[in-house]
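Kindly return the folded structure for what I paste below:
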Amino acid sequence: MVRKMALNLDFVRSQFPAFQSPVLSTHAFFENAGGSYPCRQVVDRLHRFYTDRKVQPYGPYPGAQAGGAEMDEARSRLAQMMGVQREEVSFGPSTSANTYVLAQAVRQWLKGKDAAIVVTNQDHEANSGVWRRLADEGVEVREWCIDRGTGSLNPEGLQALLVDGKVRMVAFPHCSNVIAEINDVAAICAMAAAHGARTVVDGVSYAPHGFPDVPALGCDVYLFSAYKTFGPHQGIMVLREAFGMELPGQAHYFNHGTLYKRHTPAGPDHAQVAACAGMADYVDALAAAHGVTGDAASRNRAVHDLMRAQEVQVIAPLLDYLSGRNDLRLLGPAEASRRAPTVAVELDRPAEPVSEALGREGIACWAGDFYAVRPLSALGIDLKKGVLRMSAAHYTSADDVARLIAALDRVL
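You can find the predicted model right below:
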């Protein structure tokens, strides 16, 4: 359970070394969608591993045993938080790499079958391009298209693609990295499952705003990036056992019997895997500081809700400000509760010089297409101009947002 209270922002920011950095603390940080600050617990674990554990793990001597135990701890604790089996959590060098390997398994799984998959044009390219290339093997690729005015994915559009029973897999984002509307993952997964289709969810843009409760979502695969969830540069893939063991293995043949090794051909980055346990440490620290009790999964759900409540409150003034301007176009919903606090706008001028000007005003953000070429194109946005993206996290303060609004007033 959780006591009814607001997120203690002073406590939160004390957990991130960046806020005490003489380099990073000079700017209000709105580049979180590109990568969050790492929490102290991750930094400490990474330092300890490189200092005391940097040997081949699991060997018959103390440093190796300690290193292996910390890698196992990371997998176990993240699994407990997300409500899945420890074998269902795989680590890889990045989410793009994990998705690519998974696509090769699906390529073999569907080869020679009269089958279709569904992709969207709301996705980051990592969860779009690899699936679209399955057309080279004769797999029919169907596109679930966004509304060209709002960027939303209409559930009726998916239903129409599923009715003939040929679709074996649906790949879609929890939310887009530029549109940011939070999709109803549970409803989409239930719809797909009712038609016999597996679901692959790109959670990269949502997980920084609360680690997922995977059973509640009902997906077969959930992918996200630890470096955007306050951790090291690792990709994390939750692959449910039934689907993972059905797919042809992509690793060394003698590892195919172990699910978390079956689809990870690259050797693990020992230190970074071990440091991922620091993300669980951080969730537990937040839970304890806010009176949250219960098992790991319930603590995670409560911390998720605390994070989201803080983000919704803090980002609302920015959305109101941007909605009131007539020289830009806000992408995605204007209501903070319906979106992640990743705010992209189309300007009446090229966006990158604006981000540079904001940097001189003490605001850290960036501009471009953010590998979201398909959704931006579908919305009719000139890719040469790009979009300005300002992304917050639960540690973003109301003062940070006020600084951003004042800087936008000066620059625009």
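
Run through the helices of the stretch 251-400 of the chain in chain order.
Taking DSSP state H, counting those that start in this stretch as the test, the helices found in the stretch 251-400 of the chain are 259-262, 270-275, 277-289, 296-323, 352-360, 373-378, 398-411.

Any idea which of those gets closest to residue 31?
helix 352-360 (9.3 Å; C-beta to C-beta). (Glycine included, C-beta is placed from N, CA and C.)

so what does the closest one touch, helix or strand wise?
strand 366-368, helix 398-411 (3 or more C-beta pairs under 8 Å, 6 or more residues apart in numbering; DSSP states H and E).

Of the helices of the stretch 251-400 of the chain, which is nearest residue 41?
Closest to residue 41 of the helices of the stretch 251-400 of the chain, according to C-beta to C-beta: helix 277-289, at 3.6 Å.

returning to what we had before: pick the most deeply packed of the helices of the stretch 251-400 of the chain.
Among these, helix 270-275 has the highest mean neighbour count (mean count of other C-beta atoms under 10 Å), at a mean of 24.

Look at the nearest residue to residue 380 once chain neighbours are set aside and say how many residues are nearby.
Nearest residue to residue 380, sequence neighbours excluded (C-beta to C-beta, 6 or more residues apart in numbering): residue 148, at 6.9 Å. The local packing of residue 148 (other C-beta atoms under 10 Å) involves 10 other residues.

so where's the stretch 51-200 of the chain shaky on pLDDT?
For the stretch 51-200 of the chain, no stretch has pLDDT under 70.

Can you show me the strands along it?
Here the stretch 51-200 of the chain has its strands, by DSSP state E, counting those that start in this stretch, at 89-92, 116-120, 140-144, 167-173, 198-202.

Please render the helices and strands packed on helix 352-360 as JSON lines that adds mean pLDDT to the earlier fields.
As requested, the helices and strands packed on helix 352-360 are exported to JSON lines (pLDDT from 0 to 100):
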{"stretch": "strand 366-368", "mean pLDDT": "98"}
{"stretch": "helix 398-411", "mean pLDDT": "98"}
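
any chance of the ones you listed in a markdown table, plus distance to residue 228?
Below are these laid out as a markdown table (distance: least, C-beta to C-beta, whole Å):
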| stretch | distance to residue 228 |
| --- | --- |
| strand 366-368 | 14 |
| helix 398-411 | 18 |
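
Could you check how far residue 45 is from residue 275?
In this view, residue 45 and residue 275 are 4 Å apart by C-beta to C-beta, to the nearest Å.

re earlier: do you know how far the residue nearest to residue 380 is from residue 36?
31 Å.

beta partners of residue 200?
residue 171, residue 221 (DSSP bridges).

what number of residues lie near residue 144?
Neighbourhood size, residue 144 [other C-beta under 10 Å]: 23.

Ok, residue 98 next?
By other C-beta under 10 Å, the residues close to residue 98 number 26.

doesn't residue 234 make contact with it?
No: between residue 98 and residue 234 there is no contact under C-beta atoms under 8 Å: 9.5 Å.

shared neighbours, the two?
Contact criterion C-beta atoms under 8 Å, 6 or more residues apart in numbering; residues shared by residue 98 and residue 234: residue 92.

which residues touch the nearest residue to residue 174 once chain neighbours are set aside?
Spatial nearest neighbour of residue 174, excluding adjacent residues (C-beta to C-beta, 6+ apart): residue 206 at 3.7 Å. By C-beta under 8 Å, 6+ apart, the contact list for residue 206 reads 173-175, 182, 212, 224, 340.

Now with 7 Å, please.
Residue 206 sits next to 174-175, 182, 340 when contact means C-beta atoms under 7 Å, 6 or more residues apart in numbering.

thinking again about what came up before, so which of the strands of the stretch 51-200 of the chain is nearest residue 388?
For residue 388, the closest of those is strand 167-173, at 20.6 Å, according to C-beta to C-beta.

neighbouring contacts of that closest one?
Contact partners of strand 167-173, identified using C-beta under 7 Å, 6+ apart, comprise 106, 110, 115-120, 122-124, 127, 131, 142, 144, 153, 161, 183, 188, 192, 195, 197-202, 205.

quick check: angle from it to strand 198-202?
Angle, strand 167-173 to strand 198-202, by axes from the mean of the first three to the mean of the last three C-alpha atoms, to 10 degrees: 20 degrees.

Output stretch 396-410 as CSV, nothing but the C-alphas.
Taking Å, rounded to 0.1, in the frame of the first residue of the first chain, the C-alpha atoms of stretch 396-410 are listed here in CSV:
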residue,chain,number,x,y,z
THR,A,396,11.8,17.4,-13.2
SER,A,397,10.8,20.3,-11.0
ALA,A,398,8.1,23.0,-11.5
ASP,A,399,11.0,25.5,-11.4
ASP,A,400,12.6,23.6,-14.4
VAL,A,401,9.4,24.0,-16.3
ALA,A,402,9.1,27.7,-15.5
ARG,A,403,12.7,28.2,-16.7
LEU,A,404,11.9,26.4,-19.9
ILE,A,405,8.7,28.5,-20.5
ALA,A,406,10.6,31.7,-19.9
ALA,A,407,13.4,30.7,-22.2
LEU,A,408,10.9,29.7,-25.0
ASP,A,409,9.4,33.2,-24.6
ARG,A,410,12.8,34.8,-25.2
